[in-house]
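Colleague: Here you go, sequence then predicted model.
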Amino acid sequence: MRRFVYRRNICFGDCDPAGIAFYPNFYRWFDEAVHALMNEIGWDWRTTAKERGWLGLPCAEASARFLRPVTHGQSVRVESRVLRFEPRRVVFGHRVFRDDVLLCEGEEKRFVGVPHPEDPDRVMAIDAPEELQQALTRQP
């Protein structure tokens, strides 16, 4: 599967009082990586909202395993790829590195969200369109 790379510098505000990146930030970095990869393949949020009526790619489930710490002043690389497509779900895998050291690995199950036809205040999941699947997996 195609691999996407997102780079980020760790700021002082990303860290807890011990100077270690606060663990919820890894989930934020997963989210930033997904938005960056969607932009990279031309399926950014504004385009999909305007042209397809999507409400985005909400996260339905997330997990992570934390292996090593990172602190402010360091840089990380988030490597993301689609692990698989499930009914009404796109499963992303993320691996966060400082240089060649694996810091964290995680998984997110996201879905293409559209307004529910019977209740516009609700979001409904649909299968990822074939063209999105191809864009996420096709090698550049």
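Modeller: The structure has been received and is ready for your questions.
Colleague: Break down this structure into its strands, ranges please.
Modeller: Assigned by DSSP state E, the strands in the chain fall at 3-9, 59-66, 75-86, 89-98, 101-110, 112-115, 123-126.
Colleague: Return the most buried member of those.
Modeller: Ranked by mean neighbour count, the strands of the chain are led by strand 89-98 with a mean of 20 (mean count of other C-beta atoms under 10 Å). Bear in mind the C-beta positions are built from the backbone N, C-alpha and C, glycine included.
Colleague: That one: partners in the sheet, and parallel or antiparallel?
Modeller: Paired neighbours of strand 89-98 in the sheet (DSSP bridges): strand 75-86 (antiparallel), strand 101-110 (antiparallel).
Colleague: The last one relative to strand 59-66, how many degrees between them?
Modeller: Angular relation of strand 101-110 and strand 59-66 on a 0 to 180 degree scale: 160 degrees, by axes from the mean of the first three to the mean of the last three C-alpha atoms, to 10 degrees.
Colleague: How about residues contacting strand 101-110?
Modeller: Residues outside strand 101-110 that contact it (C-beta atoms under 8 Å, 6 or more residues apart in numbering) are 26-27, 30, 34, 57-70, 76, 83, 86, 89-97.
Colleague: any idea how far the closest residue to His35 other than its chain neighbours lies from Pro24?
Modeller: The shortest distance from His35 to any residue other than its chain neighbours is 7.0 Å, reached at Trp45 (C-beta to C-beta, 6 or more residues apart in numbering). As judged by C-beta to C-beta, to the nearest Å, Trp45 and Pro24 stand 22 Å apart.
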